[in-house]
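**Q** just to be clear, the model below is a prediction. Sequence and coordinates:
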Amino acid sequence: MQEERYGTRDMTYSAWHRRMSTRRFVGIEKAQTLSMIDLDGALYVEFDDGSKEPIALIETAQDVGQMNKPVTVTTKLAQRSGLPCYCVLYKCSKKVNPADPTWPDIDYFRIKRVWPKPDKNWRIVQPNEWADALIKIRSWASIKIDAKAANDANY
């Protein structure tokens, strides 16, 4: 078992993901649909707020210039569940998050899809782009969930 590297968990991504923060990028109506639960402060499960269906696994870490971030266990969970999996590194800003001034805002993200169809390289995206991507991931997931229900002989 590894020791905690910094002694505490950074909650910058959690603060950024809250509706009062993401509303500045996607509007309050869409921001309210961005539901997630953190499993350990580094692994987040995006889920549909209405049905509570999980839609993606996202492992996060601060971007400190690392070339890679091991996400082996999260990837295996994604493969077993059939959910897409992403590794998201975030660069803390010198400015505070306007929705939660106890945490810094985020300057940018480095994102890599790790399952399915893993990305070879990191993509650098701005906070508004990642918020939009989360909305799109939800849309794709709802189509998949609806298709499964439509093909179920019992429903």
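**A** Sure, I can see it.

**Q** send over the lengthiest strand in the chain as PDB, restricted to the C-alpha atoms.
**A** In the chain, assigned by DSSP state E, the strand with the most residues is strand 100-115. This file holds the C-alpha atoms of strand 100-115, laid out as PDB (Å, rounded to 0.1, in the frame of the first residue of the first chain):
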ATOM      1  CA  ASP A 100     -15.900  28.000  -4.300                       C
ATOM      2  CA  PRO A 101     -13.000  30.400  -3.300                       C
ATOM      3  CA  THR A 102     -11.500  27.800  -1.000                       C
ATOM      4  CA  TRP A 103     -10.100  26.000  -4.000                       C
ATOM      5  CA  PRO A 104      -8.100  27.300  -7.100                       C
ATOM      6  CA  ASP A 105      -9.800  27.400 -10.500                       C
ATOM      7  CA  ILE A 106      -8.400  25.300 -13.300                       C
ATOM      8  CA  ASP A 107      -6.400  26.700 -16.100                       C
ATOM      9  CA  TYR A 108      -6.600  23.700 -18.500                       C
ATOM     10  CA  PHE A 109      -6.900  20.000 -18.600                       C
ATOM     11  CA  ARG A 110      -4.800  17.300 -20.200                       C
ATOM     12  CA  ILE A 111      -7.100  14.500 -21.200                       C
ATOM     13  CA  LYS A 112      -6.600  11.000 -22.400                       C
ATOM     14  CA  ARG A 113      -9.400   8.400 -23.100                       C
ATOM     15  CA  VAL A 114      -8.000   5.100 -21.800                       C
ATOM     16  CA  TRP A 115     -10.900   2.800 -22.700                       C
END
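
**Q** for this protein, which residue occupies the most central location?
**A** Most central in the chain under CA atoms, centre = their mean is Ile58, positioned 4.4 Å from the mean C-alpha point.

**Q** follow-up on the earlier one: the longest strand of the chain pairs with which strands, parallel or anti?
**A** Strand 100-115 has the following strand partners under DSSP bridges: strand 85-97 (antiparallel), strand 123-125 (antiparallel).
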